[in-house]
Each structure stands twice: as C-alpha cells, then as structure tokens.
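**Q** Turn this into a model:
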Amino acid sequence: MSEIVKFAKLQKEMRRNDEQMVPTFLVVAMFGLMFGCLALVAYSKEHNLPMTGVLVEAPVVQSLEIVMTGDRSGVYSVHDTAGNLLATSSDEMAGFLGVIGRVFDRDRKVAGVVGNPPVQVVRRENGNIAVIDPSIDLSVELIGYGKDNVAAFGNLLK
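**A** Numbering: from 1, shown residues only. Predicted coordinates:
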C-alpha cells in the first residue's frame with residue numbers, strides 16, 4: 001500500500017511541475033525588462049535626446065549602376081549598364097549578390113515595378129557600402145552582413 005501512496009504523491013508532484021512550465025522569476029524578469037525599455041524610450045522622447053544608435057548616411061564618394069537578373073535556379077548575374085558581365089552569384093564568395101537580388105525582385109513585385117531598372121552600388125565617405133534601388137526607394141546599407149558578403153558588392157566598385 002505504501003508504494004501506491006508514493007506513486008500517487010509522485011504523480012501529483014509531476015502534475016504540479018507541468019503546470020508551471022516557466023519559472024515565476026523569469027516571467028517577472030521578462031516583464032521588468034519590457035517596462036524598463038519602455039521607460040527608457042519614454043524618457044528619451046520626453047527630453048528630445050538625440051538618436052545615437054541610428055546610422056548616419058555619409059556622402060557618396062563612388063557609385064556604379066548595375067542591373068541584376070536572376071534565373072530559375074536562383075543564380076543572379078550582375079551587369080553594368082553597358083551590358084558587360086561583372087559577376088554572378090555562383091562565383092566563389094559571391095552568393096550574397098543573389099540574396100540582395102531576390103530582396104529587390106520581391107520588393108519590386110510588391111510595389112508593382114515593371115521591368116528591371118538598374119540599382120546603384122555606392123561607397124560612402126566613411127567606407128560603408130550600400131545598394132540603392134531608386135525604383136522602390138530602398139537602400140540596403142551593407143553593415144553587419146560579414147566581410148565576405150560586403151566584399152561581393154565592394155569588388156564591383158574596384
């Protein structure tokens with residue numbers, strides 16, 4: 001009989017543990033963090049503090065217009081406006097060209113852009129590289145994507 005009582009107690013304890021999947025202190029910490037962030041944002045807005053973490057677009061020092069075309073297999077070709085092939089996303093360490101090409105194709109489709117207008121690859125005064133699509137007013141600043149991914153577009157400017 002004592003084994004049955006032990007089993008019943010164990011079952012009851014397991015049910016109680018199942019009801020509390022996330023410890024209470026973690027839930028309190030999560031909401032505390034959320035309200036703390038909200039208080040910081042409200043304070044900065046109330047006192048008109050400058051946005052220090054926002055990227056400042058430096059002036060353009062070098063620019064190149066390119067046309068990116070993709071095929072059914074997902075390989076993107078990059079041509080200059082004269083039609084000369086500059087690179088393909090299947091080249092070694094150039095797969096990021098295809099990633100950005102798909103982003104632009106998708107955004108153009110959503111915006112209803114017809115055709116394949118050229119985009120600009122620019123080097124800014126501070127050394128950052130950006131890809132700008134004027135047809136959908138989209139600028140992708142290539143920071144935080146890794147040096148190989150940035151180099152895929154940086155090599156086009158050489």
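**Q** How far away from the center of its chain is the lengthiest helix in the chain?
**A** Among the segments of the chain that qualify as a helix by DSSP state H, the longest is helix 24-46. Put simply, helix 24-46 sits 25 Å off its chain's centre (CA atoms, centre = their mean, to the nearest Å).
**Q** Mind listing residues that contact that helix?
**A** Here helix 24-46 makes contact (CB atoms under 8 Å, 6 or more residues apart in numbering) with Leu49. The way it works is simple: take the backbone N, C-alpha and C, and place the C-beta from them, glycine included.
**Q** Now that helix: average pLDDT?
**A** If you average the pLDDT over helix 24-46, you get 94.
**Q** For this protein, which segments count as strands?
**A** For the chain, the strands defined by DSSP state E occupy 60-70, 76-80, 85-88, 119-124, 129-133, 138-141.
**Q** Among these, single out whichever gets nearest to Lys12.
**A** Smallest distance to Lys12 across those (CB to CB): 56.8 Å, for strand 138-141.
**Q** who does that closest one touch, helix- and strand-wise?
**A** Packing contacts for strand 138-141, counted by 3 or more CB pairs under 8 Å, 6 or more residues apart in numbering; DSSP states H and E, involve helix 96-111, strand 129-133.
**Q** got the buried residues for the longest one?
**A** Along helix 96-111, the positions that meet the burial threshold by neighbour count (16 or more other CB atoms under 10 Å) are 96-98, 100-101, 104-105, 108.
**Q** pLDDT for those residues - can I get that in TSV?
**A** Shown next, in TSV, are the buried residues of helix 96-111 (pLDDT from 0 to 100):
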residue	pLDDT
Phe96	91
Leu97	93
Gly98	91
Ile100	93
Gly101	92
Phe104	93
Asp105	92
Arg108	93
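**Q** By mean pLDDT, flag the weakest helix or strand of the chain.
**A** In the chain, no helix or strand scores lower on mean pLDDT, DSSP states H and E than helix 2-19, which sits at a mean of 70.
**Q** Report the buried residues of stretch 62-79.
**A** So, applying 16+ other CB under 10 Å, buried residues of stretch 62-79: 64-66, 68, 70, 75-79.
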